[in-house]
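# Coordinates only, no sequence provided:
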């Protein structure tokens, strides 16, 4: 039985820095997910106190088509993390000067962790102040975020749909809190990427 | 920027069946992690009520060397899942007739999901009765489990250490509860393996 048709990728450790922390008020507004920069981000086991994504559980939506919409489930999308270089790449792809993290509901912007969006689930982001966030997975770009960006570029209605294509694998990651704490802009963050591999059992077993 | 030096592995869906459900009493005993078969396994957001691994949080141990031992952290190891074929492979490797799930603290035995131990983090195990378990990752075999097996094979003290080698990548997975429910032997389980890939940013960025 060959477990590794492709050799496993060893774990590694990378260091970056937080450049911004942001929070979405519980109320919301036209674009309920829009965040605003704050001086320090408090994170608890349930997520960010006062943020609209706070909670041990959440209701399922379009990202979980296997559940009836509104099903209560564990909240694995407590925080949205974005990368400086990926935001710039999205802006470049849309031919606009910038995409601000707050427009698309980011709770944090990180610099220096290459291909943040590609970091595998179970990666731990360990912040110098003691907080730890576990990456749940890549965040998928949606039209609502595209529309929220388009508001800032009048006449560019194409951004709403364009974002969905351009931001694929660049829209950062979502995660949940492994250890509570307070995270501040300027703080160092160490990413512990675990060993990972391709799941490739014998053919003919799907069903 | 090449995100995929190795092509990503598409998501897939596999079907298996639960063959046993087991629970560790809170008390424990000589080998506190030993479980015993039960007719139905209740799972809540905190794990298995009455089981020693129940809890929204747990204390860190040897598996998290980056934390001081005993640090409170999110409990991502609520349940231990084992596979019929992998238990048989371990027994074969140790040259013994069998390895019972209860000896090594399994909460569930599953048949028909090939290479269960290799299923990537973020895989969802959806049980016919409605419960859903999210795989956190591969469980690493330890000496304590080896010793617990050796008790049943007098004169085979080599099993204590042998298990650690033989059971590597065969010792099942740990996970947490995404949706509560009751799981019973005989129940069907669908594994939703997500798309996954190799994280391979440019060289020279580790630190």
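That came through, no problem. This structure is a prediction, so every number in the text was calculated from the model and none was measured.
# Can you identify each of the helices in chain A by residue range?
For chain A, applying DSSP state H gives helices covering A:84-94, A:143-150, A:158-166.
# Which other helices and strands does the longest one contact?
Using 3 or more CB pairs under 8 Å, 6 or more residues apart in numbering or on different chains; DSSP states H and E as the contact criterion, the elements in contact with helix A:84-94 are strand A:108-111, helix A:158-166. Where C-beta positions appear, they are placed from N, C-alpha and C, glycine not excepted.
# next one: the last one
Identification of packing neighbours for helix A:158-166 by 3+ CB pairs under 8 Å, 6+ apart yields helix A:84-94, helix A:143-150.
# Which residues does it contact?
The contact list for helix A:158-166 (CB atoms under 8 Å, 6 or more residues apart in numbering or on different chains) reads A:90, A:93-94, A:96, A:141-143, A:145-147, A:149-150, A:153.
# now the angle from it to helix A:143-150?
Between helix A:158-166 and helix A:143-150, the angle comes out at 130 degrees (axes from the mean of the first three to the mean of the last three CA atoms, to 10 degrees).
# Show me what counts as buried in helix A:158-166.
A:159, A:160, A:162, A:163, A:164, A:166 (16 or more other CB atoms under 10 Å in any protein chain shown).
# before we move on, what about the longest one?
Residues of helix A:84-94 classed as buried under the neighbour-count rule (16+ other CB under 10 Å) are A:84, A:85, A:86, A:87, A:89, A:90, A:91, A:93, A:94.
# what residue is smack in the middle of chain A?
residue A:173 (2.4 Å; CA atoms, centre = their mean).
# How about that residue: which residues does it bridge to?
Taking DSSP bridges as the rule, residue A:173 bridges to residue A:81, residue A:138.
# repeat for residue A:183
Judged by DSSP bridges, the bridge partners of residue A:183 are residue A:41.
# same deal with the one 5 residues further on?
Beta bridges link residue A:188 to residue A:17, judged by DSSP bridges.
# who's in contact with it?
By CB under 8 Å, 6+ apart, the contact list for residue A:188 reads A:15, A:16, A:17, A:18, A:127, A:128.
# Most neighbours of all the residues you listed, which one?
residue A:18 (23 neighbours; other CB atoms under 10 Å in any protein chain shown).
# wait, isn't that residue in contact with residue A:182?
No - between residue A:18 and residue A:182 there is no contact under CB atoms under 8 Å: 11.3 Å.
# picking that back up, which single one of the contacts of residue A:188 is nearest to chain B?
residue A:15 (4.5 Å; CB to the nearest CB).
# where are the low-confidence patches of chain A?
By pLDDT under 70, the low-scoring segments of chain A are A:1, A:26-32, A:204-207.
# nearest to chain B, of the buried residues of helix A:84-94?
residue A:89 (8.1 Å).
# Including distance to residue A:69, could the helices of chain A go into JSON lines?
Below are those laid out as JSON lines (distance: least, CB to CB, whole Å):
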{"stretch": "helix A:84-94", "distance to residue A:69": "28"}
{"stretch": "helix A:143-150", "distance to residue A:69": "16"}
{"stretch": "helix A:158-166", "distance to residue A:69": "20"}
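# and of these, who's closest to residue B:199?
helix A:84-94 (14.1 Å; CB to CB).
# ok and the closest one relative to helix A:158-166, angle-wise?
Using the same axes, to 10 degrees: helix A:84-94 against helix A:158-166 is 120 degrees.
# hmm, who's touching helix A:84-94?
A:19, A:97-101, A:109-111, A:114-117, A:149, A:156, A:159, A:162-163, A:166-167, A:170-172.
# dump the residue contacts of residue A:182.
Here residue A:182 is in contact with A:40, A:41, A:42, A:43, A:129, A:131 (CB under 8 Å, 6+ apart).
# cutoff 6 Å now
Residues touching residue A:182, when contacts are defined by CB atoms under 6 Å, 6 or more residues apart in numbering or on different chains, comprise A:40, A:42, A:129.
# can I assume the first one is in contact with residue A:184?
Right, residue A:40. Yes - contact criterion CB atoms under 6 Å: residue A:40 and residue A:184 qualify, at 4.9 Å.
# Who has more neighbours out of these two?
For residue A:40 versus residue A:184, neighbours defined as other CB under 10 Å are more numerous around residue A:184 (15 against 12).
# Most neighbours of all the contacts of helix A:158-166, which one?
When neighbours are taken as other CB under 10 Å, the top entry among those is residue A:145 (27 neighbours).
# measure stretch A:101-116 end to end?
Stretch A:101-116 has its terminal residues 14 Å apart, counting by CA to CA, to the nearest Å.
# can you list the residues of chain A near chain B?
A:3, A:6, A:9, A:12, A:14-15, A:73-74, A:114-115, A:118-122, A:137, A:169, A:178-179, A:193, A:198-199, A:201, A:205-207 (CB under 6 Å from any CB of the partner chain).
# give me that answer again for 7 Å
A:3, A:6, A:9, A:12-15, A:45, A:56-57, A:66, A:73-74, A:114-115, A:118-122, A:126, A:136-137, A:169, A:177-179, A:192-193, A:196-199, A:201-202, A:205-207 (CB under 7 Å from any CB of the partner chain).
# In strands, which of the residues you listed fall?
Under the assignment DSSP state E, the residues of chain A next to chain B contribute A:12-15, A:57, A:73-74, A:126, A:136-137, A:177-179, A:192-193 to strands.
# Filter these down to the buried ones and hand me the PyMOL line.
Only the buried members of those enter the following PyMOL selection, criterion being 16+ other CB under 10 Å:
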select buried, chain A and resi 12+14+57+73+74+126+136+137+177+178+179+192+193
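# Look at residue A:34 and say how many residues are nearby.
20.
# before we move on, the earlier item: which one of the ones in strands among the residues of chain A next to chain B is nearest to residue A:36?
The closest of these, once distances to residue A:36 are taken by CB to CB, is residue A:177, at 20.4 Å.
# so what's that closest one closest to, chain neighbours aside?
Using CB to CB, 6 or more residues apart in numbering or on different chains and skipping the chain neighbours, the partner closest in space to residue A:177 is residue A:43 (4.8 Å).
# Please name the residues that touch that neighbour.
A:131, A:177, A:180, A:181, A:183 (CB atoms under 7 Å, 6 or more residues apart in numbering or on different chains).
# For the third one, give its distance to residue A:55.
Residue A:180 sits 15 Å away from residue A:55, taking CB to CB, to the nearest Å as the criterion.
# So between the two, which is more surrounded?
residue A:180 (18 against 15).
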